[in-house]
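Chemist: let's see this in three dimensions:
(2 chains)
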Amino acid sequence: MFWIAWKMLIGNRGKYLGIVFGVVFAALLIAQQSSIFCGLMSLTVSQIRDVQGPGIWVMDAHVQFVDDIKPLADTELFRVKSVPGVDWAVRFYKGIARARLEEGTYEQMILLGLDDATLVGAPAGILMGSIADLRKPDAVIIDDAGYTRIWPGEPFRLGRVFEMNDHRAVIVGITKASRTFQSFPILYTRYSQAVRFAPPERKVLSFILANPAADLDPTEVCRRIEERTGLQALTREQFLEKTIRYYLAKTGIPVNFGITVLLGFFVGTAIAGQTFYLFTVENIRQFGALKAMGTSNWTILAMVLSQALNVGLVGYGVGVGLAALFGWWSRSMTRLSFFMPWQVLALTAAAVFVIVLVASVLSVRKVLVLDPAVVFRG
Amino acid sequence: MPASQLVHDPAAVAIRVRGVTKEFGSGESATWALRGVDLDVPYGELLMLVGPSGCGKTTLVSIVAGTLEPTAGDVNVMGHDLVAMSNGRKVRFRRDNVGFIFQSYNLLPSLTAVENAAVPLLIAGWRRRHALEAAAEVLEALGLGDRLANLPTELSGGQQQRVAIARALVHEPRLLVCDEPTSALDAENGRITMELIQRIAVQPDRAVVVVTHDSRAYAFADRIAAMEDGRIVSVTTGSESLPA
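Modeler: Numbering: from 1, shown residues only, chains lettered A, B, ... in the order given. Got it, this is the predicted structure:
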């Protein structure tokens, strides 16, 4: 009987495509908007992800997210180092600096200051130059996207000079860094250099990057640091989560995207539900004939659900596929952030399931209460 | 001499209807479609129900086929008490015992002729390949061997009705119910349809009930029950003439 249901469904190509279109539209919109949302959220934590090595971030107790810098006194580094279970700890500067370019124009940049001795937190993928060149005077490494943003269309060239806070900076390397939420160019330099590039402040230490001893649980070490220093210590994962939670709770981003996702859900439900309902109503005499010939209501229910499932699967596959295609295109052609984790696929699948369930419930009711004697009425 | 609407030998009776009434709606808007119908149809008989529109013949045939509940009365078909039957059992009863031929064919437009004819077997749980083979045999017997793969829209009205006959007979039901089987056909196709029903469906262990307005079909009936205003007003043999 499922075979008959399938033949009935695809018998009218126009109607079938109409129903599938509704689901495709919903799946596409939900998956695409959710992926852009996830992309934006991943931008907010890209700098935490890019800092490889340390398992623990230590900061002021009131810091809410990675860009919420509340500088610490330099002496805090030694207090953290003295906590039992801390294997090592280094300084890390993060701030916004204004650069004056050779052309006389100004550009905002994200300035990251790495520990002078160890260069912990240095970028992993160097495209030109070397991390070791950061030890040269006035040396900075810039990310490739930032370079292209400042000097669009120009080939990468080392040795370019600009000024920050009246200090000379020389590009000694170009790296591959994840894009940030602000989309500013990212500059890596030594900590001692960074504090000269930055506007003068009494306290300049943004974070302390630390690592727990090999045999200790990082969360236990974080607890010890907080207990002994009064600072906030988070594992890398905790800091990622805290930052994302901040953006979710304190910005309008989730609401804006949520509205679009909901809109896609409702419009998709309306289109698919209405078309599926009309499809069922048009086939009501056929269903009546099947009931008269001895098809039980359970079988009819299973037939309608199998039709809905078919539409849902095809619509979901095409919709998610189109969203992925859009993501692939946008990553190579635009600066739109797009990140499609499995959770987006699961969310979209759940939404599509609800859509086809609503659509089938709307229409199956009419079939289930159908009097089989309807087939005798001309 | 008029034929009786009752048969005295219970073993010979395929359909026994006693005191059946049917009321649609309730209160002041209630309409009585049947007002106490008594009728017997013996095995091996083709009975026609005739009468003006709204006289209750379609209601009666729906009750006999187990697709409609009577308001009151007893209905026994092939030894099954339909009034006492649960809905689930009635569905199985229809699946196993009743073949339907509808006025508007009610073929599934997206299924080919052979697929349409195989539907009752698929409902009964046959494997698709076996069902299609059996349906093809019946269609070939009805002269549609070269139309097996055609969709209903690619068939003439007469051919569609023959597919409907094949569908009604493929599972060898003991009761065949036909609702205006010739009304959508021209005279020639109407005659062919009635001949097929008479030749193939009328068997010693079966019964056929045909609802019709078409006086040209009367000649194929063993008995004709004329209805008026929810009652059977006369029963005659097919050879006896009826008032037009």
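
Chemist: switch to C-alpha atoms for all contacts and neighbour counts from now on
Modeler: Noted.

Chemist: residue boundaries of the strands in the stretch 101-250 of chain A?
Modeler: Per DSSP state E, counting those that start in this stretch, the stretch 101-250 of chain A carries strands over the ranges A:106-114, A:125-129, A:139-143, A:161-164, A:167-176, A:186-190, A:207-212, A:232-235.

Chemist: pick the most buried one from those strands.
Modeler: strand A:186-190 (a mean of 28; mean count of other CA atoms under 10 Å in any protein chain shown).

Chemist: neighbouring strands for it, and are they parallel or not?
Modeler: strand A:106-114 (parallel), strand A:139-143 (antiparallel) (DSSP bridges).

Chemist: and that strand, C-alpha only, in PDB?
Modeler: Output of strand A:186-190 as PDB, limited to C-alpha atoms (Å, rounded to 0.1, in the frame of the first residue of the first chain):
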ATOM      1  CA  ILE A 186      44.700  41.200  13.200                       C
ATOM      2  CA  LEU A 187      48.200  42.100  14.200                       C
ATOM      3  CA  TYR A 188      50.500  39.800  16.200                       C
ATOM      4  CA  THR A 189      53.500  41.200  18.000                       C
ATOM      5  CA  ARG A 190      55.500  40.700  21.100                       C
END
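
Chemist: check the offset of it from the chain's centre.
Modeler: Centroid separation for strand A:186-190 versus its chain: 25 Å, with CA atoms, centre = their mean, to the nearest Å.

Chemist: and it, what's its mean pLDDT?
Modeler: The pLDDT scores in strand A:186-190 average 92.

Chemist: and if you look at stretch A:130-140?
Modeler: pLDDT averaged over stretch A:130-140 gives 90.

Chemist: which parts of it are buried?
Modeler: A:131, A:134, A:135, A:138, A:139, A:140 (16 or more other CA atoms under 10 Å in any protein chain shown).

Chemist: which outside residues touch that stretch?
Modeler: The contact list for stretch A:130-140 (CA atoms under 8 Å, 6 or more residues apart in numbering or on different chains) reads A:116, A:122, A:141, A:167-173, A:187-190, A:193.

Chemist: just the closest residue of chain A to chain B, please.
Modeler: The minimum distance from chain A to chain B, using CA to the nearest CA, falls at residue A:294 (4.0 Å).

Chemist: which residue is the nearest non-sequential neighbour of that residue?
Modeler: residue B:95 (4.0 Å; CA to CA, 6 or more residues apart in numbering or on different chains).

Chemist: how deep is that neighbour tucked in, by neighbour count?
Modeler: Neighbour count for residue B:95, taken as other CA atoms under 10 Å in any protein chain shown: 23.

Chemist: low-confidence stretches in chain B?
Modeler: Where chain B drops to pLDDT under 70, the residues are B:1-11, B:238-244.

Chemist: grab the most central residue of it for me.
Modeler: residue B:177 (0.9 Å; CA atoms, centre = their mean).

Chemist: quick one: that one and residue B:202 touch, right?
Modeler: No. Contact criterion CA atoms under 8 Å: residue B:177 and residue B:202 do not qualify, at 11.6 Å.

Chemist: chain center to the helix or strand where residue B:22 lies: distance?
Modeler: If you go by DSSP states H and E, residue B:22 is part of strand B:13-24. Distance of strand B:13-24 from its chain centroid, counting by CA atoms, centre = their mean, is 15 Å.

Chemist: for it, C-alpha coordinates in PDB please.
Modeler: In PDB, the C-alpha atoms belonging to strand B:13-24 read as follows (Å, rounded to 0.1, in the frame of the first residue of the first chain):
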ATOM      1  CA  VAL B  13     -30.000 -16.400   0.500                       C
ATOM      2  CA  ALA B  14     -26.900 -14.400  -0.100                       C
ATOM      3  CA  ILE B  15     -28.400 -11.100   1.200                       C
ATOM      4  CA  ARG B  16     -31.100 -10.800   3.700                       C
ATOM      5  CA  VAL B  17     -32.400  -7.300   4.600                       C
ATOM      6  CA  ARG B  18     -35.200  -7.000   7.200                       C
ATOM      7  CA  GLY B  19     -36.900  -3.800   8.300                       C
ATOM      8  CA  VAL B  20     -34.000  -1.600   7.400                       C
ATOM      9  CA  THR B  21     -34.400   2.100   7.900                       C
ATOM     10  CA  LYS B  22     -31.900   4.900   7.400                       C
ATOM     11  CA  GLU B  23     -32.300   8.500   8.700                       C
ATOM     12  CA  PHE B  24     -29.900  11.200   7.700                       C
END
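
Chemist: give me the contact status of that strand with chain A.
Modeler: No. If you take CA under 8 Å from any CA of the partner chain as the test, strand B:13-24 misses chain A, and the best it gets is 13.1 Å.

Chemist: flag every buried residue along that strand.
Modeler: Quick answer for strand B:13-24 (16+ other CA under 10 Å): B:13, B:14, B:15, B:16, B:17, B:18, B:20, B:21, B:22.

Chemist: which non-adjacent residue is nearest the first one?
Modeler: The reference is to residue B:13. Per CA to CA, 6+ apart, closest to residue B:13 is residue B:42, 4.1 Å.

Chemist: overlap in contacts, residue B:177 and residue B:202.
Modeler: residue B:208.

Chemist: and for chain B, the residue most distant from the center?
Modeler: residue B:28 (32.4 Å).

Chemist: contact partners for that one?
Modeler: Residue B:28 neighbours (CA under 8 Å, 6+ apart): none.

Chemist: what do you get for residue A:71?
Modeler: A:60, A:203, A:204, A:205, A:206, A:207.

Chemist: touching, the fourth one and residue A:93? I think so.
Modeler: When you say that, I think you mean residue A:205. Yes. In this structure, residue A:205 is within contact of residue A:93 by CA under 8 Å, at 5.7 Å.

Chemist: got the residues of chain A near chain B?
Modeler: Counting by CA under 8 Å from any CA, the residues of chain A close to chain B are A:1, A:4, A:7-8, A:10-12, A:285-286, A:289, A:291-296, A:371-373, A:375-378.

Chemist: now do the longest strand seen in chain A against strand A:186-190, angle only.
Modeler: When chain A is parsed with DSSP state E, its longest strand is strand A:86-100. Put simply, strand A:86-100 runs at 120 degrees to strand A:186-190, going by axes from the mean of the first three to the mean of the last three CA atoms, to 10 degrees.

Chemist: buried sites along strand A:86-100?
Modeler: Buried positions in strand A:86-100, judged by neighbour count with 16+ other CA under 10 Å: A:86, A:89-100.

Chemist: now for the residues you listed, which pair is the farthest apart?
Modeler: Greatest spatial distance among the buried residues of strand A:86-100 (CA to CA): A:86 and A:100, at 40.0 Å.

Chemist: show me what contacts residue 127?
Modeler: All of this is about chain A. The neighbourhood of residue A:127, defined by CA under 8 Å, 6+ apart, consists of A:173, A:174, A:175, A:176.

Chemist: okay, the third one and residue B:49: tell me how far apart.
Modeler: Read that as residue A:175. Plainly put, residue A:175 is 91 Å away from residue B:49 if you go by CA to CA, to the nearest Å.
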